[in-house]
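Asks: predicted structure and sequence below. I'll ask about it afterward.
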Amino acid sequence: MDVSLKLTDPIAPQLVATLRQGIAELQLLPGEALSEKDIASRFGVSRQPVREAFIKLSEAGLVEIRPSRGTYVAKISVRDVANARLVREAIEADIAHHATRLASDAQVQGLRDMIGAQLAAARENDYRRFNDSDEAFHRAIADIVHCDYAWRIVERARVQTDRVRFLSLPDTSPMPLLISQHQAIVDAIAARDPEAAEQMMRRHLREILVALRRIAVAHPELFSDTELSAHTVGLMPRD
């Protein structure tokens with residue numbers, strides 16, 4: 001996490017964002033112990049804002065604060081990821097539907113430009129840059145419909161899905177596949193086809209469930225639960 005904090009701005013929110021990114025990109029691994037002292041020293045701040053950041057990350061389900069034992073990066077929960085994805089689909093499919101009516105030509109071109117940036121990241125196998133562009137792409141579609149509240153809910157849901165998405169990029173859900181799905185969404189928006197845009201967004205967001213199932217089996221040490229309960233199976237697409 002080679003990030004410098006702006007000491008003129010509130011420190012705790014910056015630490016939350018920095019640590020969240022480190023967790024999402026697996027620089028901080030599930031189950032890893034986090035030290036208030038070490039993080040404070042790394043960023044040149046006092047321990048109080050670090051403690052505040054840990055509390056916020058705990059509320060988001062990304063760290064576990066164990067009294068008298070320490071603070072640890074939370075392991076990934078299959079059930080939580082599946083549930084968060086369901087929330088994202090419900091919101092983002094509807095956003096895509098309405099974007100077909102509200103998107104300007106300039107906004108559609110902006111989405112296509114983002115896809116161009118994603119293609120460049122894929123050519124260089126730059127997973128971090130692709131991940132950043134992926135989030136910007138989904139945010140740009142939400143911005144078209146001017147619904148900040150919906151995006152705040154999506155951002156909270158992304159907390160649970162980001163680590164699985166990052167793990168899936170090398171082969172389970174390779175970047176070219178995700179980019180082709182993004183392209184289909186933009187094409188539907190450009191064609192002013194709300195049903196197609198909604199369907200393409202649903203298909204895209206269900207991709208993570210295929211990755212989730214495979215990654216949980218391949219990396220059980222990263223997960224708090226790997227069994228697909230009847231509840232979770234109900235959210236899984238059929239092979």
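Replies: Okay, I see it.
Asks: going forward, measure contacts between C-alpha atoms and count neighbours the same way
Replies: Noted.
Asks: dead centre of this structure: give me the residue that sits there.
Replies: Asp162 (3.1 Å; Cα atoms, centre = their mean).
Asks: tell me, how many residues neighbour Ala40?
Replies: 17 (other Cα atoms under 10 Å).
Asks: I'd say it and Ser46 touch.
Replies: Yes. Using Cα atoms under 8 Å, Ala40 makes contact with Ser46 at a distance of 5.6 Å.
Asks: who's in contact with Ala99?
Replies: Listed by Cα atoms under 8 Å, 6 or more residues apart in numbering, the contact set of Ala99 reads 141-142, 144-145, 189, 194.
Asks: quick check, nearest of the residues you listed to Ile153?
Replies: Comparing the contacts of Ala99 against Ile153 with Cα to Cα places Ala142 closest, at 11.4 Å.
Asks: quick check, that closest one in contact with Ile95.
Replies: Yes. If you go by Cα under 8 Å, Ala142 and Ile95 touch, sitting 6.1 Å apart.
Asks: what about the residue lying closest to the residue nearest to the centre of the chain once chain neighbours are set aside, distance to Tyr127?
Replies: Spatial nearest neighbour of Asp162, excluding adjacent residues (Cα to Cα, 6 or more residues apart in numbering): Ala24 at 5.4 Å. Ala24 is 12 Å from Tyr127, where distance means Cα to Cα, to the nearest Å.
Asks: overlap in contacts of these two?
Replies: Both Ala24 and Tyr127 are contacted by Phe166, under the criterion Cα under 8 Å, 6+ apart.
Asks: so those two - more neighbours on which side?
Replies: Each of Ala24 and Tyr127 has its neighbours counted (other Cα under 10 Å); Ala24 has more, 24 against 19.
Asks: residues touching the more buried one, list them.
Replies: With Cα under 8 Å, 6+ apart, Ala24 has these contacts: 159, 162-163, 166.
Asks: so who does the residue in the chain sticking out farthest from the centre touch?
Replies: Here the chain reaches farthest from its C-alpha mean at Ser68, the gap being 31.0 Å by Cα atoms, centre = their mean. By Cα under 8 Å, 6+ apart, the contact set of Ser68 is empty.
Asks: tell me the secondary structure for it?
Replies: Here Ser68 takes the coil state, with states given by DSSP: H, G, I helix; E, B strand; the rest coil.
Asks: so what pLDDT did it get?
Replies: Confidence at Ser68, expressed as pLDDT, is 85.
Asks: repeat for Arg101
Replies: 98.
Asks: my read: it touches Arg192, true?
Replies: Yes. Between Arg101 and Arg192 a contact is recorded at 6.3 Å, counting by Cα under 8 Å.
Asks: pLDDT score for Lys56?
Replies: 95.
Asks: next one: it from Leu28, what distance?
Replies: 16 Å.
Asks: Arg51 versus Ser35, what's the distance?
Replies: Per Cα to Cα, Ser35 is found 10 Å from Arg51.
Asks: what's the burial count for Ile76?
Replies: For Ile76, using other Cα under 10 Å, the count is 25.
Asks: mind listing what it touches?
Replies: 30, 160, 163, 222-225.
Asks: which of the residues you listed fall in helices?
Replies: 160, 163 (DSSP state H).
Asks: now the contacts of Ile76 in CSV, with neighbour count, pLDDT and distance to Ala82?
Replies: CSV is the format used below for these (neighbours: other Cα atoms under 10 Å; pLDDT from 0 to 100; distance: Cα to Cα, whole Å):
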residue, neighbour count, pLDDT, distance to Ala82
Pro30, 21, 94, 18
Gln160, 24, 84, 9
Arg163, 21, 89, 13
Leu222, 17, 92, 16
Phe223, 18, 94, 13
Ser224, 16, 91, 14
Asp225, 16, 85, 12
